[in-house]
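K.L.:
Show me the folded form of this:
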Amino acid sequence: MSSEPQRSNAEAYDAVPYRDFPYSFSHVRHLETMAVLFGMQPPPIDNCRVLELGCAGGGNIIPQAFDLPGSRFVAADYSPRQIEEARKSADSLGLKNLELRCANIMDIDDSWGTFDYIISHGVFSWVPRPVQDKLLELSARNLSDHGVAFVSYNTYPGWHLANIARELMCYHASHFDTPQAKIAQAMSVLQFVCELTTGQSAMGMFLKDELAMLRQLDNDSYLFHDHLEDHNIPIYFHEFIGRAAAHGLQYLAETDFHLMLLQNLPGKAREALGKLPVVQQEQYMDFVRGRRFRKTLLCHEGMPLQRMITPERIKRFHFTVPPSLEVANVDIRDDSKAEFRTDGAKLESSDRLVKAAMMRLKEICPRYVSFQELYLTALARLRATQPGIAGAPQAERLAEALLTAFSVNVAQICLHPPRWAGEVRGRPVVSALARCQANRGTFVTNLRHQAIKIGPLEQGIIHRLDGDHDRAALASELQARVAAGEITVKHGDQVVKNPDPRLLAEVVDQTLQFMSNHALLVG
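P.N.:
Here you go, the predicted structure:
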């Protein structure tokens, strides 16, 4: 079968390399967690084999290989330029457990072996139908018996609207030759049409939202390889699952658990959809939400799955909350209702143990804590205010509340969480990965497998966070960089040209706290 369609893709990615990032939802730590949540027993992540298809410059797979030195990783991309960049990054870290291959998906066969986790993010919708079929075929054939395959893709009905913006930009950009001109003109014509639309027309509002989204992303490579890509083939969810089933794969879950649930629907709708098979439930919900993108997990057909998630099962996991969690009206001494909010999600509870547990999670964020430890800590706090309070029955209530918190995306779970520092130590440490990344750009990968943007102050000292430098040494480093004109230090809104030791010490403390809050300090 001809590989010409993928060759043209390779040339496009050589011309405009994809600005790749780590994606927490595709880390094998999360894939393992979701598989176990639904009753599977996948291979442990500290000793597994992982394949990533379409690895670009390695931004997603290199941190995973660094994170899990006992596992083996293979990553493939058809762009020689991007594979070369990935190899440079891997070599700078001395990674021995990662093999990077410049390869065509169509040429992957049994000789590659089997893998416990297969990751394919940002590939399926952007390749021709024969390559899509090959991707699903190898996701089944090269997947171990208890393995998990991750595939992301654009989906209808949301992309029916998005296609309007794409077709407009593609039509206009086709009159220009270079990728840079195509990108600039695509944004220009979208803005032009938005300015022509008046009033509150549905078309005008949608195009303006699309323009705002693209501006916020500020990512030319995304625009070029998504909206302007020759191949951008959305698919209905039920069609995708049908094609996966033809290769012996079944639907496991979405990486975003809270989007699988029906609890936000009115009672009658929730009851009606609850009687349907899960694939039909998901498809109808896509129509309700206008969904345009999915991150789907697959496993072998015949694998027994437990779709009823019980509070008892949730006790196996570790818990954390987002740094953005806000709390209101929390008092563990009475039964008043407290609120825990983050990014549009909300959990309400008047249960004293639940309130104590949620406050503990906020205190130790971004660290994870096991259910048992969280339960005992929260119970101890209650007993300090209410001597003689009983324990055992409340454990079930806490498990149920934590399952609810996870279901509404107020809390996150993990089977085998990363280990990071619980506090800023005397000689703080940032991973060698983050230090290496800081030398090349303004984004570093944290222990949650997220891209964290750092500024000049963080860049000024991050290379010294190797465990050999205390706060005084870090302050001296800042002072030298200020004197060299490489960074500026402010007191309030005023730039201080010759900061005194006290101000430098404050800046160091603030910078270290930023890194702690963003899960960059290693334990």
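
K.L.:
so where is the stretch 351-500 of the chain shaky, pLDDT-wise?
P.N.:
Applying pLDDT under 70 to the stretch 351-500 of the chain picks out residues 388, 390-393, 421-422.

K.L.:
And the strands in it?
P.N.:
Counting by DSSP state E, counting those that start in this stretch, the stretch 351-500 of the chain has strands at residues 369-370, 412-414, 443-445, 451-453, 489-491, 494-496.

K.L.:
so what strands line up beside the third one?
P.N.:
Put plainly, it is strand 443-445. Here strand 443-445 has these sheet partners by DSSP bridges: strand 451-453 (antiparallel).

K.L.:
Pull the distance from the partner strand to the chain's centre.
P.N.:
12 Å (Cα atoms, centre = their mean, to the nearest Å).

K.L.:
what's it in contact with?
P.N.:
By Cβ atoms under 8 Å, 6 or more residues apart in numbering, the surrounding residues in contact with strand 451-453 are 21-22, 59, 442-446, 518, 520. For glycine as for every other residue, the C-beta is placed from the backbone atoms N, C-alpha and C.

K.L.:
Check which residues of it are buried.
P.N.:
451-452 (16 or more other Cβ atoms under 10 Å).

K.L.:
so what's N517 up against?
P.N.:
Contacts for N517 (Cβ under 8 Å, 6+ apart) come out as 323, 365-366.

K.L.:
now do 6 Å
P.N.:
Taking Cβ atoms under 6 Å, 6 or more residues apart in numbering, we find N517 in contact with P323.

K.L.:
For the stretch 51-200 of the chain, which residues score under the pLDDT cut-off?
P.N.:
The stretch 51-200 of the chain contains residues with pLDDT under 70 at 198-199.

K.L.:
Spell out the residue ranges of the strands in it.
P.N.:
Applying DSSP E, counting those that start in this stretch to the stretch 51-200 of the chain gives strands spanning 72-77, 98-102, 115-120, 143-156.

K.L.:
Could you list every helix and strand in contact with the longest one?
P.N.:
Using 3 or more Cβ pairs under 6 Å, 6 or more residues apart in numbering; DSSP states H and E as the contact definition, the elements that strand 143-156 packs against are helix 28-37, strand 115-120, strand 293-300.

K.L.:
rewinding a little: list only those of the contacts of strand 451-453 flagged as buried.
P.N.:
Neighbour counting by 16+ other Cβ under 10 Å classes 21-22, 59, 443-446, 518, 520 among these as buried.

K.L.:
For Y117, grab the count of nearby residues.
P.N.:
Counted with other Cβ atoms under 10 Å, the neighbours of Y117 add up to 28.

K.L.:
typo on my end, it should be S24
P.N.:
Neighbours around S24, by other Cβ under 10 Å: 17.

K.L.:
ok, it touching T445?
P.N.:
No - using Cβ atoms under 6 Å, S24 is not in contact with T445; the gap is 9.9 Å.

K.L.:
residue contacts, the nearest residue to A399 once chain neighbours are set aside?
P.N.:
Nearest residue to A399, sequence neighbours excluded (Cβ to Cβ, 6 or more residues apart in numbering): P311, at 3.7 Å. P311 sits next to 399-400, 403 when contact means Cβ under 6 Å, 6+ apart.

K.L.:
and of the residues you listed, the nearest to G158?
P.N.:
Using Cβ to Cβ, L403 comes nearest to G158 of the contacts of P311, at 28.6 Å.

K.L.:
per-residue confidence for the spatially closest residue to that closest one that is not a sequence neighbour?
P.N.:
Distances taken as Cβ to Cβ, 6+ apart put I314 closest to L403, at 4.6 Å, once the chain neighbours are dropped. At I314, the model reports a pLDDT of 95.

K.L.:
Ok, the one 4 residues further on next?
P.N.:
Per-residue confidence at H318 stands at 97 (pLDDT).

K.L.:
does it have beta-bridge partners, and which?
P.N.:
Beta bridges link H318 to S370, C414 when assigned by DSSP bridges.

K.L.:
hang on, it packs against L415?
P.N.:
No - applying Cβ under 6 Å, one finds H318 not in contact with L415, separated by 7.3 Å.

K.L.:
which one of the helices and strands packed on strand 143-156 is the most hemmed in?
P.N.:
strand 115-120 (a mean of 25; mean count of other Cβ atoms under 10 Å).

K.L.:
Sheet-wise, list the partners of that strand with their directions.
P.N.:
Strand 115-120 pairs in its sheet with strand 49-53 (parallel), strand 143-156 (parallel), by DSSP bridges.

K.L.:
Highest mean neighbour count out of these?
P.N.:
strand 49-53 (a mean of 26).

K.L.:
Now do that one: everything it contacts.
P.N.:
Contacts with strand 49-53, where a contact means Cβ under 6 Å, 6+ apart, come from 28, 61, 72-76, 115-120, 123.

K.L.:
Distance to K490 added to the buried ones among the contacts of strand 451-453, as TSV?
P.N.:
What follows is the buried ones among the contacts of strand 451-453, written out as TSV (distance: Cβ to Cβ, whole Å):
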residue	distance to K490
F21	29
P22	30
G59	31
F443	23
V444	22
T445	27
N446	25
H518	20
L520	22
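
K.L.:
residue ranges for the helices of the stretch 151-300 of the chain, please.
P.N.:
158-173, 179-196, 202-217, 220-225, 237-245, 267-274, 278-289 (DSSP state H, counting those that start in this stretch).

K.L.:
per the record, what domains does the protein have?
P.N.:
Listed domain ranges for the chain are 4-155+233-300, 158-225, 311-414, 432-517 (source: automatic domain parsing).

K.L.:
how far away is V369 from V321?
P.N.:
10 Å (Cβ to Cβ, to the nearest Å).

K.L.:
which of the residues in stretch 306-321 are buried?
P.N.:
Residues 309, 311, 313-315, 317-321 are the ones in stretch 306-321 that count as buried (16+ other Cβ under 10 Å).
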